[in-house]
Each structure stands twice: as C-alpha cells, then as structure tokens.
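> what follows is a predicted structure for the sequence shown.
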Amino acid sequence: MLSQPISSIIDLNGQKISLETGRLARQADGSVTVTQGNCVLLATVCANTDAKEGQEFFPLSVDYMEKFASAGRIPGSFFKREGRLSDYEILISRLIDRALRPLFPEDYFCEVQVIVTLISSDSEVMPDSLACLAASAALAVSDVPIKEIISEVRVGRVNGEFVINPTRSQMAESDMNYIIAATEKNLMMVEGESKECAEEDLVKMLQVAHDAIRIQINAQKELRDKVGVTGKRDYTKPVVNEELNNKVITFAKQRVYEVSRKGSSKNERSDAYKQIKDELIASLGEEITDADKKLAGKYYEDLKWEVVRDMMIDEKIRLDGRQLDQVRQLNMEVDILPSPHGAALFTRGETQSLTTVTLGTPLDELLIESAAVSEYSKFILHYNFPPFSTGEIKFLRGPGRREVGHGALAQRSLKQMMPGNDYPYTVRVVSDILESNGSSSMATVCAGSLALMDAGVPVPKHVSGIAMGLVTRGDGKYAILSDILGDEDHLGDMDFKVTGTRDGICGVQMDIKVDGLSMQTMREALDQARRGRLHILDAMYECIPAAREEVKQHAPRMEKLFIEKEFIGAVIGPGGKIIQEIQRETGTTINLEEVGNFGEVSIFSKDKEGLMKAVEWVKGIVSVPEVGGEYEAKVKSIMPYGAFVEFLPGKQGLLHISEVSWKRLETLDGVLSEGDVVKVKLIGLDPKTGKFKLSRKVLMPKPEGYVERPERPEGERFERPQRREGGDDRRPPRRDNRN
C-alpha cells in the first residue's frame, strides 16, 4: 500500500488533467482519480487471481456511475437514492468495455470488475470523455494483465475547427460529436454523430484524436513508473493439447471449407456445422473424456474462424455467396399497420425490423437526468430484440445493455434529420426486431426513417445505415465486407457501422479487434460503406420519396397560437380552471409555454371539430373587444334592468333592457332566458368602470313608423337656470304643516 499519493499531469492545449493514485480506494488492485476543473472521477479495478473451473469466456464487467451528490443534488426518485444505471450511464459503461476488452490476453479468464464513479461534477466539463482514461490508468497502476495502455477523448468541431474534449457550451455549437479510444499505435473504438460530415472529415478527426490520446497514454506510463509497477501477475492458462488439435484439423478442415463456400442460409449453415462437430466428437472414440470433448469443441471453433477468414481473403467468397461489397436483397413497406401514426417494415436479407412512430404532445417529453444536467427530449427511440428473432427461447426481461446501445446509435443517427425544437410533437420511434442475422441497429435506422416519413414528420432526407466488416491476416492481406452477417461479425476483426444521408455521415460506431488498422484501410472502408449506404437509400426513396404532407387522420392534429404575455394568466385561469375547462369541454390537450415576450399555445386533438372549438375559445380569451364589433353572446343571468351576457370567453357585459328590443319592455320574461344565444354589438365602454355596453336592438330592423324621441344635448339636460339678482328665482319657503 502506498504511503503518499502519486500524481501525473496531462496538458492538452491548455487543458490540465491530473491523474492521482494512492489516496482513495487503496485496497483495490488499481485505483486512480482523474481531475479536470471541478470534475473528479474515481476508477477502481479488481481481478480474481484464479478463473472459475470450466470458464470459457472472459468475465469482464464495467460500470460507470454518477453520484448526484457530485453536483450537490438529491435524486428525484421516491427513495431519494441512486438506483439502477441510467441509459446514459450504460452507454458510457459500454464505451469503456468495448475499448478495454480486446486488450486482455485471449487465454485470460479471471473475473475482472472495473468501476468508474463521478464523485465531483463540473457544469462545463463532460465526464464521459475522461471515463476510459480513468479506467485505463487504474489498470496501468495495477498488476492485472492487460496488454496495452489506452485512452479516450471526445472531439467536436466548432466553427470548422476540431476541439479536443470540448466544454458543454462548445458542444452546443459543434456539428460533430465523437468519442475515440486508442492505444499508442491503433484505434480501438469510435462512437458518435455528426451533421452530415464528409468521410475525409471523419478521417482527419480520427488523426487529431489519436494525437491527443498519445499524450494521455504517456502520462499514464509516467504514473505507472512512479508507482513502480514492473510487470503483470501470472495466471493459469488453459490446457493445450496439440495432438487433439491436429486431429480436429485433419478431420474437419475440408468439411468446414465445403460448407462455408456453399452460400447457404443461416439455419442451413448452422445445421451443417453442427453435424460436422457431432461427427468429429464421434470420431474421437468412446474413451475420450468430457474435458477433451470440450477442448475439441474449442479447437473446432478456432478452425472455423481460420477457414472462413482465409476463404474471404484468398477467394473473395463470403458465407452466403455474395461479393465483398454486395448488399443483401432489400424489401421495404410503409403504412402497413392501421392504428400507429406511422409504420414501416424493413427487411435486408435475414434481418427484419418492424418500426412504428407515435406522435405525442409536449407533455410526453422524456426527462433525461444525470448528475450535472437535466433536460427534456422530444425525440425518443426504443429498440427491442425479442428471442424469437434468432430462433431462441429466453426469459423476457427489460432492455439490456445491448438494446440500449443499439437504440442509442439509431436515435443519434435519425436525430440529425429531425425538425427543431419548434416542432410541437413529441415523437417516439419503436423498433421491434423480428429477424436478425446481421446488423439490426442499421435496419432500425432504415425502418425508422421510412416510418417517420410515413407519419408525416417533416424530415428532409432519408437516413440509411450499413454495417461493415474487416478480415485481416498477418501477411498484410485483408478483405472489407459490406452488410456483414452475424457470423462474419463474430469471425471478423472490425465491426464498423456507418449511417448517413446522400450528403454525409450522421453516425458511426466502430469496434476494432486487431492491431494495425491504417488510415488508408479506414478510407477504403468508409468509401465502400458510402456506396452501400447510397444503394440502400435509392431503394428507400423508391418506397416513400418524401414525408407525407399531413399527419394521418387518426393522429393528433395540432394548432399553435402565439398570445401576448399578459394573457397567459387569463388562458390558464385561477388554479388552472380555465385551461382545464377548455380541455374538458373540447377533448383537447393544451400546452402553454412562455417564450420570450409571448405565450406559445399548442393545442392537440384527434377530433378536428374539438380542435377548432378550442382554438376559437383561446382566441376569444386573448382578443380585445372593439367598439362596433358584433358577437355571438350567451345569456348568463337575468336581472330586472337587463341581462348579463358573455360575448367573448371570459368577457361579460350588460345588455340593458332598453337595448334588447325597439319596443319598450317592462320585463325580460318571455323574451330572454339563461342559456340563450343572441347576437349583440359592442356600443360602448364605460371609461370609469371598464364595463362593456352592449345592444341587441341596433342589429334588428326598426319597426315601421318608429319615431325616436329626440334627445336634448347632454349639457342642456343637466343645466340648471341661472339665479337672478334680487332673489326672484329663490325657491318658495317650505310650508310648515306642523300643528
């Protein structure tokens, strides 16, 4: 255990990042804090010294967590404590996992747990760009056997200039947002989005990122040397039986090759491979132990990996018989379901997505909460991967990390074409994968774009996606594969998903499992991906060339009004009484927000009549009555001297008994009653009381022969005679009749 903390400083163009170990969590195998500004991350790593008996895969778990206390906040949940990881935390955990996993030895099966925790937050520093640096540094100062040190940065592009680890304020102005992980020599992981950037811009961005990553790796090496780590721990390696391996190769190699080059379907190929394996085990004799059977199965899988890769590189033959750059058969339909607001079925080979779009109101917005930021999103995409899509039986549970990650990639890609914040609807896209053999996330992008246009969401362009693969060999030969199968993903060295429009890239997700990927190979892969993307886009435009001009009849319709700020309270009413009454009486949903000096009123309803009724109601509340204006008025109450009528929502005036009819009326009985609707004219406004004077009779024809009584001028009527001199005009003395 270290007696004093040890630190190392990173300087990235003026950004100071501190790495420190020996102060916190000292019982972990490796522990490091990473500090930039007020942002502090604690990363720990613990690893078992022995693998579990029979372990056949590497059990690595990575968790990124944000403590709300780090930002001086209390969680908003019922229990007021952090619960399961949020989608945001899961996505960051996946980024770290995907970068680290390929760097552990292939024969290392001891359980490893990496935990990265945000313990202090900075409103401008984005902690996710430091998380992988923290995890790698914790591994660097430990004796856990990882092969190389890595690091990670975010790159944005602000005003045409690339910025390493931009602040939140800078990211608001950026048209590119990518997180890149790499070793000193090789890129390992790329994830991000952009507003239709060019392929060459992406390559330049990767080069800028790699230069910054090398600086961070050197700082980790310095920290490791200061700690005194000189080597990694030994571990028990799996049993090797060369004699058994040779038997497997002799028996199965040619058979595997013949099945692989047939160009058969996924199920046919899977059945054929299984039959070869069964025959292989049978050929080894009855004396073979269970341990050797398991070992023979492993050697058989290794053989398949080698045979298929050599076939692709040397003969340019793929498992389903396609050319290397050929996209599988495409089928797509829109408007296939009667009730959803938009729907599309996209099929590419043996991968199929049924995607729906639902249009909601601003009240349906999703709250996305992290330690530093809480914001609402009006665009939601959910991805579901049921077990029947691969012909399997599994328990149905909530979405796992894979579903969250694939949905996020599709969402960030389609988001680039979504209308701005002034678009009133909340849009939810749901992709249900019905078949899967290849990239279902790219099928989701294509189906989502089709469904959005089918729903009448004004997206200007289609977005498509394609998954690329790479197979390399030690002699420098390689093959780049378009629209990879599931088996090709498993057997390949790179999984490279690219989405975009005809004009540029919208999203990228890349995982690399091999050393030495050159920028030239990257350029070739991007160019081949662009050609595949355009091929799919052509088919999508044939299916539906543009967004429908209107939403469907059963979708909620919307009218938007802008009102003077002073009328916001009048529309809402005391305790929300007025706005609730409007919604109840018209069957609408109303959202009212203060925007600058105005109030923005969005009214939603599936019923056009109710929608227009609510619009007129709101217009009536905010309209200013004009003298001379004519209105439909509803009688609210009857008095001996007239009727009080509501001639605009929330505005009442007196219809005096003398203004009801040209005839002289002693009473309104039999003439008007509560609830009657009459047409009136606003004839005046009392300047002292502000009360409205209304007339009904002025809108009625005068009776024949009607003669109006002449009125004396106002001054004459109230003028008293002048007193004369001498007192002649004095009033006579009052008689006193008292006895």
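Now that the structure is in, tell me what you want to look at.
> what pLDDT does the residue nearest to P703 when sequence neighbours are not counted get?
Leaving aside its chain neighbours, P703 sits nearest to W662 (5.5 Å; criterion: Cβ to Cβ, 6 or more residues apart in numbering). Using the backbone N, CA and C atoms, a C-beta is placed for each residue, glycine as well. W662 is assigned 84 on the pLDDT scale.
> now A570
With respect to pLDDT, A570 has a value of 86.
> that one: neighbour count?
Neighbourhood size, A570 [other Cβ atoms under 10 Å]: 18.
> and the helix or strand it falls within, what's buried?
Element membership for A570, per DSSP states H and E: helix 568-572. Judged by neighbour count using 16 or more other Cβ atoms under 10 Å, the buried positions of helix 568-572 are 568, 570-572.
> below-threshold pLDDT in the protein: ranges please.
1-3, 515-516, 650, 687-690, 705-739 (pLDDT under 70).
> biggest helix in it by residues?
Longest helix in the chain, counting residues (DSSP state H): helix 199-227.
> tell me the helix or strand right after that helix.
Using DSSP H and E, the next helix or strand after helix 199-227 towards the C-terminus is helix 242-260.
> need the residues that contact that following helix.
Here helix 242-260 makes contact (Cβ atoms under 8 Å, 6 or more residues apart in numbering) with 269, 272-273, 276-277, 279-280, 283-284, 292, 295-296, 299-300, 303-304, 307-308, 311, 317, 319.
> only whichever of those residues are buried, select them in ChimeraX.
With 16+ other Cβ under 10 Å as the criterion, this ChimeraX line picks the buried residues out of those:
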select :269,272,273,276,277,280,284,295,296,299,300,303,304,307,308,311,317,319
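> taking the contacts of helix 242-260 one by one, which sit in helices?
Among the contacts of helix 242-260, DSSP H puts 269, 272-273, 276-277, 279-280, 283, 292, 295-296, 299-300, 303-304, 307-308, 311 in helices.
> number of residues surrounding the residue nearest to P703?
Number of residues near W662 (other Cβ under 10 Å) recorded here: 16.
> what strand or helix carries it?
Following DSSP H and E, there is no helix or strand that holds W662.
> pretty sure it is touching V698, no?
No. Counting by Cβ atoms under 8 Å, W662 stays clear of V698, with 9.4 Å between them.
> on that earlier part again, let me have the buried residues of helix 568-572 in a markdown table, extended by distance to P625.
Converted to a markdown table, these look like this (distance: Cβ to Cβ, whole Å):
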| residue | distance to P625 |
| --- | --- |
| I568 | 19 |
| A570 | 13 |
| V571 | 16 |
| I572 | 20 |
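> now for the closest residue to R73 other than its chain neighbours: which residues touch it?
Excluding the flanking residues, the one nearest R73 by Cβ to Cβ, 6+ apart is A371, at 6.7 Å. Residues in contact with A371 (Cβ under 8 Å, 6+ apart) are 66-68, 70-71, 73, 118, 121.
> distance of A371 relative to A131?
Remark: distance between A371 and A131 (Cβ to Cβ, to the nearest Å) = 13 Å.
> what do you get for G400?
20 Å.
> what's opposite S31 in the beta bridge?
T44 (DSSP bridges).
> isn't it right up against A25?
Yes. S31 is in contact with A25 according to Cβ under 8 Å; the separation is 4.0 Å.
> which one's more surrounded, the two?
S31 (25 against 18).
> for that one, what are its contacts?
Going by Cβ under 8 Å, 6+ apart, the list of residues near S31 reads 21, 24-25, 42-45, 138, 141.
> let's see it at 6 Å
Listed by Cβ atoms under 6 Å, 6 or more residues apart in numbering, the contact set of S31 reads 25, 44, 138.
> what's the answer for I90, then?
401, 404.
> what's the answer for T588, then?
Residues near T588 by Cβ under 6 Å, 6+ apart: 603, 605, 610, 614.
> gap between the last one and R401?
Summarising the geometry, the distance separating A614 from R401, computed by Cβ to Cβ, is 44 Å.
> these two: who's more crowded?
The neighbour comparison of A614 against R401 (other Cβ under 10 Å) goes to A614, with 26 against 15.
> measure the more buried one to S602 for me?
Using Cβ to Cβ, A614 is found at 11 Å from S602.
> do G14 as well
Distance check for G14 against S602: by Cβ to Cβ, it reads 45 Å.
> who's more crowded, these two?
S602 (18 against 5).
> report the distance from the one helix or strand that one maps to to the chain centre.
Take DSSP H and E as the rule and S602 turns out to sit in strand 598-605. Mean-position distance between strand 598-605 and its chain equals 24 Å (Cα atoms, centre = their mean, to the nearest Å).
> try stretch 503-518
Averaging C-alpha positions (Cα atoms, centre = their mean) puts stretch 503-518 22 Å from its chain's average.
> so who does E600 touch?
Here E600 is in contact with 562, 593 (Cβ under 6 Å, 6+ apart).
> pairing partners for the residue lying closest to A539 once chain neighbours are set aside in the sheet, please.
Spatial nearest neighbour of A539, excluding adjacent residues (Cβ to Cβ, 6+ apart): L330 at 4.8 Å. Beta-bridge pairing of L330 under DSSP bridges involves R348.
> ok so, going back, who touches the helix holding A570?
For helix 568-572, using Cβ under 6 Å, 6+ apart, the contacting residues are 579, 599, 618, 621.
> against V551, how distant is the third one?
The spacing between V618 and V551, counted by Cβ to Cβ, is 21 Å.
> neighbour count winner among these two?
Neighbour comparison, V618 and V551: the larger count goes to V618, with 27 against 19 (by other Cβ under 10 Å).
> tell me which element the more buried one is part of?
Applying DSSP H and E, one finds V618 within helix 608-622.
> which helices and strands does that helix pack with?
strand 557-564, helix 568-572, helix 577-586, strand 598-605 (3 or more Cβ pairs under 6 Å, 6 or more residues apart in numbering; DSSP states H and E).
> buried residues in the first one?
If I follow you right, that is strand 557-564. Within strand 557-564, the residues scored as buried using 16+ other Cβ under 10 Å are 557-559, 561, 563.
> and which of those is nearest to L682?
Distances from L682 to those, taken as Cβ to Cβ, are shortest for I563 (21.0 Å).
> let me see the contact set for the closest one.
Going by Cβ under 6 Å, 6+ apart, I563 touches 599, 622.
> how near is it to W617?
12 Å.
> then K552?
26 Å.
> quick one: T667 is in a strand?
No. Under the criterion used here (DSSP: H, G, I helix; E, B strand; the rest coil), T667 is coil, not part of a strand.
> what's the span of stretch 326-336 from first residue to last?
Separation of the first and last residues of stretch 326-336 by Cα to Cα, to the nearest Å is 28 Å.
> could you pull out the buried residues of it?
Applying 16+ other Cβ under 10 Å to stretch 326-336 flags 327-328, 330, 332, 334-335 as buried.
> in CSV, list those residues along with distance to V459 and secondary structure.
Converted to CSV, these look like this (distance: Cβ to Cβ, whole Å; DSSP: H, G, I helix; E, B strand; the rest coil):
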residue, distance to V459, secondary structure
V327, 23, coil
R328, 25, coil
L330, 20, strand
M332, 16, strand
V334, 13, strand
D335, 16, coil
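> which SSE is A467 in?
Secondary structure assignment for A467, by DSSP H and E: strand 464-472.
> meant to ask about L450, not that
Short version, using DSSP H and E: L450 is in helix 440-454.
> what angle separates that helix from strand 464-472?
Relative orientation of helix 440-454 versus strand 464-472 (axes from the mean of the first three to the mean of the last three Cα atoms, to 10 degrees): 160 degrees.
> so how far is helix 440-454 from its chain's centroid?
14 Å.
> now do it: everything it contacts.
Contacts with helix 440-454, where a contact means Cβ under 6 Å, 6+ apart, come from 334-335, 342-344, 346, 348, 351, 353, 355, 357, 383, 406, 409-410, 413-414, 429, 431, 433, 459, 462-467, 497, 499, 544, 547.
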